[in-house]
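Enquirer: Next input, structure requested:
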Amino acid sequence: MQDVTVVDHPLVQHKLTLMREKNTSTASFRQLLREIALLLTYEVTRDLQLTNTRIETPLAPMDSPILEGKKPVFASILRAGNGLLEGMLDLVPSARVAHVGIYRDPETLEPIEYYFKAPDDLADRLVIVVDPMLATANSASAAIEKLKERGARDIRFVCLLAAPEGIERFQRAQPGIPIYTGAIDEYLNDHGYIVPGLGDAGDRLYGTK
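Expert: Sure, this is the predicted structure:
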């Protein structure tokens with residue numbers, strides 16, 4: 001699929017299998033998501049721009065590469081996005097963070113916003129939006145619209161799992177925004193869950209029903 005990158009690294013696929021298992025504990029699920037997030041971040045940031053800076057090693061001075069420009073923004077779609085966010089910050093601790101509070105109405109599956117907080121200079125930064133599941137794509141698209149309203153222009157979306165229907169809807173609503181995912185599953189069921197999936201990521205992450 002155009003503008004879709006499946007991160008098929010063996011460690012991602014191994015850890016994802018452990019997360020899918022219904023008997024995996026809350027603690028293990030949380031740790032695995034954090035570990036996968038680090039690997040996904042490695043892929044989504046592989047083309048960040050570099051510049052050279054003059055440093056001194058214990059042996060000699062040298063010109064060495066360093067990230068150029070302002071640090072990226074990780075925009076977490078609450079609440080489940082925070083499970084990915086923690087692992088991403090392990091890899092890029094200097095990143096700025098935005099939070100977008102959106103939940104899906106269980107009857108209509110439409111997104112309902114309840115919170116938004118982001119840095120003021122989104123237009124000058126790469127914004128990486130994170131949510132474990134790209135199912136109906138309603139929440140992801142709504143979050144991105146809010147970020148665009150605040151000036152975001154360079155946007156990427158990272159998820160753990162995606163449904164084909166979610167990808168199609170996302171690309172129709174947000175053309176040109178690349179998607180990075182650990183896997184594309186079979187389909188979306190009538191309740192808006194990805195099949196075979198792993199259940200409700202937020203509930204499994206935080207031990208709620």
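Enquirer: got a list of what the residue most central in space within the chain touches?
Expert: The structure's the chain has its C-alpha centroid closest to Val130; by C-alpha atoms, centre = their mean the separation is 2.4 Å. Residues counted as contacts of Val130 (C-beta atoms under 8 Å, 6 or more residues apart in numbering) are Ala37, Phe74, Ala75, Ser76, Ile77, Gly81, Leu84, Leu85, Met88, Phe157, Val158, Cys159. Backbone N, C-alpha and C define where each C-beta goes, glycine included.
Enquirer: That one and Glu107: what is the separation?
Expert: Val130 is 26 Å from Glu107, where distance means C-beta to C-beta, to the nearest Å.
Enquirer: Can you spell out which helices and strands pack onto the helix or strand of the chain with the lowest mean pLDDT?
Expert: Of all the helices and strands that make up the chain, strand 111-117 has the lowest average by mean pLDDT, DSSP states H and E, namely a mean of 88. When contacts are defined as 3 or more C-beta pairs under 8 Å, 6 or more residues apart in numbering; DSSP states H and E, strand 111-117 sits against strand 96-104, helix 138-149.
Enquirer: quick one, which of those is packed in tightest?
Expert: Between the helices and strands packed on strand 111-117, helix 138-149 has the highest mean count of neighbours, a mean of 20, where neighbours are mean count of other C-beta atoms under 10 Å.
Enquirer: Remind me what that one packs against, helices and strands.
Expert: Contacts defined by 3+ C-beta pairs under 8 Å, 6+ apart place helix 138-149 against strand 73-78, strand 96-104, strand 111-117, strand 126-130, strand 154-162, helix 164-173.
Enquirer: Mind doing that once more with 10 Å?
Expert: With contacts defined as 3 or more C-beta pairs under 10 Å, 6 or more residues apart in numbering; DSSP states H and E, the packing partners of helix 138-149 are strand 73-78, helix 81-91, strand 96-104, strand 111-117, strand 126-130, strand 133-134, strand 154-162, helix 164-173.
Enquirer: Mind listing what's buried along the last one?
Expert: Applying a neighbour-count criterion of 16 or more other C-beta atoms under 10 Å, one finds Glu165, Gly166, Ile167, Arg169, Phe170, Gln171 buried in helix 164-173.
Enquirer: which one of those is nearest Ile194?
Expert: Gly166 (7.5 Å; C-beta to C-beta).
Enquirer: hey, least reliable of the helices and strands packed on strand 111-117 by pLDDT?
Expert: Mean pLDDT is lowest for strand 96-104 among the helices and strands packed on strand 111-117, at a mean of 90.
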